[in-house]
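Chemist: Sequence first, then the predicted structure:
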Amino acid sequence: MSLVKSKELALGSVLREFSLSDACEKVYNSRELLGKTGLIIAVMCNHCPYSNAIWSRLIKVAEFAKKLDVNTVAINPNIHPNYPEDSPAHMLDKQKEFGFDFPYLIDAEQAVAHSLKATCTPEIFLFDKEAKLFYHGRVDDNWHDERSVKSEDLREALIALFGEQKPPLPQYSSLGCSIKWLNTVLGD
């Protein structure tokens, strides 16, 4: 499993509107998902060890974000025949395993992942109330050991967003598994 780093993106980039469904076929629109203060989009999947290591931390940050009127959505772009563990049925299993209440959506055509210029799972995007990119990167500085976290980057970005401050700098890339693009062969 190769480690991939997220690309740098221009802050202020506007979120392209999208509609995706969850594993129960309920459709969500990005405009409706946007909270009064903003929206966290977490590009995640079921099988990646990097994603699995941060699910519980993402859920805690999402609960904190909700108090600041920032909604959260997870998006799975890895609906790929060579990766059955990322199927919608297994997405439901992941929701049951961790008990989170925010939507976990299927990006079967990978259009949202492409529009975000996402490269890996996990990859975090925080948009402000005008759907402009405020933060892009990691949840915190230690994906594999929650007890060793010294910098809670996403939480700090949420505080800055809610306080109407400038985006925090520097913003550090997320690290994770490559997105399994539809033209990916097994083993990539």
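Modeler: Good, I have the coordinates.

Chemist: This structure: helices as residue ranges?
Modeler: Counting by DSSP state H, the chain has helices at residues 30-33, 49-67, 88-98, 111-116, 153-162.

Chemist: got the contact list for the most centrally placed residue in the chain?
Modeler: Among the residues of the chain, the one closest to the centroid is Ala42, at 0.8 Å (CA atoms, centre = their mean). By CB atoms under 8 Å, 6 or more residues apart in numbering, Ala42 lies in contact with Leu58, Thr72, Val73, Ala74, Ile75, Pro122, Glu123, Ile124, Phe125. All C-beta atoms are positioned from the backbone trio N, CA, C, and that covers glycine.

Chemist: just to revisit the earlier point, could you dump the helices of the chain into a markdown table with mean pLDDT and distance to Ser21 added?
Modeler: Listed next are the helices of the chain as a markdown table, based on pLDDT from 0 to 100; distance: least, CB to CB, whole Å:
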| stretch | mean pLDDT | distance to Ser21 |
| --- | --- | --- |
| helix 30-33 | 97 | 13 |
| helix 49-67 | 97 | 20 |
| helix 88-98 | 95 | 9 |
| helix 111-116 | 97 | 12 |
| helix 153-162 | 98 | 26 |
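
Chemist: and Leu182, which of the ones you listed is closest to it?
Modeler: helix 111-116 (10.5 Å; CB to CB).

Chemist: Just the buried positions in that closest one, please.
Modeler: Residues of helix 111-116 classed as buried by neighbour count (16 or more other CB atoms under 10 Å): Val112, Ala113, Leu116.

Chemist: Need the nearest residue in space to the first one, chain neighbours excluded.
Modeler: In this case it means Val112. Of all residues not flanking Val112 in the chain, Phe18 sits nearest, at 4.9 Å (CB to CB, 6 or more residues apart in numbering).

Chemist: hang on, the earlier thing: could I get the helices of the chain in JSON lines, plus columns for distance to Gly176?
Modeler: Below are the helices of the chain laid out as JSON lines (distance: least, CB to CB, whole Å):
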{"stretch": "helix 30-33", "distance to Gly176": "22"}
{"stretch": "helix 49-67", "distance to Gly176": "4"}
{"stretch": "helix 88-98", "distance to Gly176": "15"}
{"stretch": "helix 111-116", "distance to Gly176": "13"}
{"stretch": "helix 153-162", "distance to Gly176": "14"}
